[in-house]
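[1] Here is my input, please return the structure:
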Amino acid sequence: MPRRARLFLPGVPLHIIQRGNNRQACFFAEEDFIFYLDWLHEYADKARCRIHAYALMTNHVHLLLSSEEPKGVGGLMKALGQRYVQYVNRTYQRSGTLWEGRFRSCLTQEENYLFSCMRYIELNPVRACMVAHPGEYRWSSYRANAQGEANSVISPHPLYVSLGADTRSRSAAYREFFRYELDPGLVDEIRKASNGNFALGDSRFAAAIGAAMGRRVTPGVSGRPRNLPEPISGSLFE
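    Now for the predicted structure:
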């Protein structure tokens, strides 16, 4: 069966998950996280991608980014992945693959899901019982987004910028989202969309994405497939 093409539309945020091969570790020491973030910043800039949130876990990576370039995200992930694998193999005298095949991703609706996806990403260390509070974890964007810590990797999304007139007020408003845990149903929804390369959003968003892409962008149901709508122009993504 051919691989499903990834969903991409210019400017629409994309949640990416890249896992270590066989769920094995891909970060082994503090320097590994530092080098990865340095190269993420470098290649995101070259590919004209904007990183809005991230979490580097021991055996996988979460990124929330957007790009106006059709090949920007793929170019970023290819260059970053190759550079990091070369570094790991050389440093730890190993060979072979490090990543579990292709990265997984989902287009994310800005209005209703952007901040939920950011919370999902930055709460990963808490859900994994690595820390009690996301601010205790060094290798995520929480300290930048919620505490105003300088971070050259992060390019704030316009919706984040709209939270306040300055860094302090934006950080305070963003921290309010973390007063409550993410609903388990929402966590499951984000996981399914990301792992299945589906659209993450409400029915209107999914319909618009499906029409723009000319393909199904939600999990299928049993039975005969329905005809897909024709791609449209002049959509809300232009």
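[2] which residues touch Ala172?
    Gly164 (Cβ atoms under 8 Å, 6 or more residues apart in numbering). Where you see a C-beta, it was placed from the backbone N, CA and C, and this is true even at glycine.
[3] For it, give its distance to Tyr142.
    Distance of Ala172 to Tyr142, computed by Cβ to Cβ, to the nearest Å: 14 Å.
[4] Would you mind pulling up the elements that the helix or strand bottoming out on mean pLDDT in the chain packs against?
    Sorting the helices and strands of the chain by mean pLDDT, DSSP states H and E puts helix 203-213 at the bottom, at a mean of 89. Of the remaining helices and strands, none touches helix 203-213 by 3 or more Cβ pairs under 8 Å, 6 or more residues apart in numbering; DSSP states H and E.
[5] Now that helix - C-alpha only, PDB.
    Provided in PDB are the C-alpha atoms of helix 203-213 (Å, rounded to 0.1, in the frame of the first residue of the first chain):
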ATOM      1  CA  SER A 203     -15.700  19.600  11.200                       C
ATOM      2  CA  ARG A 204     -15.600  22.900   9.300                       C
ATOM      3  CA  PHE A 205     -11.800  22.900   9.400                       C
ATOM      4  CA  ALA A 206     -11.600  19.300   8.300                       C
ATOM      5  CA  ALA A 207     -14.000  20.000   5.400                       C
ATOM      6  CA  ALA A 208     -12.000  23.000   4.300                       C
ATOM      7  CA  ILE A 209      -8.700  21.100   4.400                       C
ATOM      8  CA  GLY A 210     -10.200  18.100   2.600                       C
ATOM      9  CA  ALA A 211     -11.600  20.300  -0.100                       C
ATOM     10  CA  ALA A 212      -8.300  22.100  -0.500                       C
ATOM     11  CA  MET A 213      -6.300  18.900  -0.600                       C
END
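[6] Could you number the chain from 797 rather than 1 from now on?
    Noted, 797 is the first residue going forward, which turns the last one into helix 999-1009.
[7] how about that helix: buried residues?
    Neighbour-count burial for helix 999-1009 flags Phe1001, Ala1002, Ala1004, Ile1005, Gly1006, Ala1007, Ala1008, Met1009 (criterion: 16 or more other Cβ atoms under 10 Å).
[8] now, the most widely separated pair of those?
    Phe1001 and Met1009 (12.2 Å; Cβ to Cβ).
[9] all strands for the protein, in order.
    810-815, 845-852, 856-863, 900-903 (DSSP state E).
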